[in-house]
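Participant: okay, structure incoming, though there's no sequence with it:
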């Protein structure tokens, strides 16, 4: 029986994005293996290998994980290895180098390179060099935005391929517009005032997601529109810092920290506007989900966002590092409801190109093409 290994940095990543693909391989007659930290049960996975991947590239645990993967790969001799996220992708492909690639096909999916246009030289070198060194075992790079696609052509083995896809896919039946009655009902359930103008940002609390810029912009917005309420959905290392900054700015009544949410489709039902102040993205699912719910979006003008949003057509883009510009665009959304509604409707139409049926077809076609040597 042929075997496939899917490696990622968290089991949550697998559960959120890869279950349809695990099911696909099972239907194709593959024994399905997953390598992630922890011991979570994962649907459609025949075997889950626990590996000690940690976020710091230089952690000794990542060396241990690579050595463990070396043994796992030698013992199973997979027909296909799929790696996801920058860290797990590098660790797993190092395991391939150590084990010897043989006839195994290796595909790495780029969910957003950690280096990008405008990042510092040290960051670019420290993140680019591992990718360059691992290009020799990489048969295919799957990308999700234009900037990464251009970069990837230098980071795949000679004769390898670069394939751009529409992300991993978002379920359009789960994320869809809510009617007025449904929105009012959910606002009541969540104790949100009917007249509040509700913003939402679904993201982990990390430096990359840049919450600090958003709450500093919110301070200016609230001074003119005190009815604004920001919902922050996520968790992470910087949450305490952001909560403290919100309190220092006097925004405790205007921000709710909701933690990690398994049912974002219900949160979007109470919202008027989705926002993102991120400084780096690959293919941001939070934006696609909000767009499918016909929410207008205000986001930083960065890689990933610019692939999904055309300013003034299906959303608004502001220059990153400019909280004043972000505040102005949020206030424009508040005072121009008809324009915002039109942007949201346009966004839903464009986001249909990134739904699961389309992305699933593109990804599985890429997998089988590489596997069959085409």
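Facilitator: Cool, the structure landed. Note that the structure is a prediction, hence the values are computed from the model and not measured.

Participant: strands of the chain, residue ranges please.
Facilitator: Here the chain has its strands, by DSSP state E, at 3-7, 31-36, 47-50, 80-84, 105-109, 140-143, 161-164, 197-202, 228-233, 255-257, 273-276, 297-300, 316-318.

Participant: okay if I get those as JSON lines plus mean pLDDT?
Facilitator: Shown next, in JSON lines, are these (pLDDT from 0 to 100):
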{"stretch": "strand 3-7", "mean pLDDT": "98"}
{"stretch": "strand 31-36", "mean pLDDT": "98"}
{"stretch": "strand 47-50", "mean pLDDT": "98"}
{"stretch": "strand 80-84", "mean pLDDT": "98"}
{"stretch": "strand 105-109", "mean pLDDT": "98"}
{"stretch": "strand 140-143", "mean pLDDT": "98"}
{"stretch": "strand 161-164", "mean pLDDT": "98"}
{"stretch": "strand 197-202", "mean pLDDT": "98"}
{"stretch": "strand 228-233", "mean pLDDT": "98"}
{"stretch": "strand 255-257", "mean pLDDT": "98"}
{"stretch": "strand 273-276", "mean pLDDT": "98"}
{"stretch": "strand 297-300", "mean pLDDT": "98"}
{"stretch": "strand 316-318", "mean pLDDT": "98"}
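
Participant: dump these into JSON lines; add distance to residue 125 as well.
Facilitator: (Each C-beta comes from the backbone N, C-alpha and C, glycine too.) JSON lines is the format used below for the strands of the chain (distance: least, CB to CB, whole Å):
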{"stretch": "strand 3-7", "distance to residue 125": "25"}
{"stretch": "strand 31-36", "distance to residue 125": "28"}
{"stretch": "strand 47-50", "distance to residue 125": "31"}
{"stretch": "strand 80-84", "distance to residue 125": "22"}
{"stretch": "strand 105-109", "distance to residue 125": "19"}
{"stretch": "strand 140-143", "distance to residue 125": "19"}
{"stretch": "strand 161-164", "distance to residue 125": "22"}
{"stretch": "strand 197-202", "distance to residue 125": "31"}
{"stretch": "strand 228-233", "distance to residue 125": "33"}
{"stretch": "strand 255-257", "distance to residue 125": "36"}
{"stretch": "strand 273-276", "distance to residue 125": "27"}
{"stretch": "strand 297-300", "distance to residue 125": "24"}
{"stretch": "strand 316-318", "distance to residue 125": "29"}
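
Participant: which one of the ones you listed lies nearest to residue 184?
Facilitator: Minimum separation from residue 184 across the strands of the chain (CB to CB) falls at strand 197-202, 12.3 Å.

Participant: now the angle from that closest one to strand 228-233?
Facilitator: Angle of strand 197-202 versus strand 228-233, following axes from the mean of the first three to the mean of the last three CA atoms, to 10 degrees, is 20 degrees.

Participant: other SSEs contacting the lowest-mean-pLDDT helix or strand in the chain?
Facilitator: Least confident helix or strand of the chain, by mean pLDDT, DSSP states H and E, is helix 121-133 with a mean of 87. Helices and strands touching helix 121-133, by 3 or more CB pairs under 8 Å, 6 or more residues apart in numbering; DSSP states H and E, are helix 86-99.

Participant: cool, thanks, signing off.
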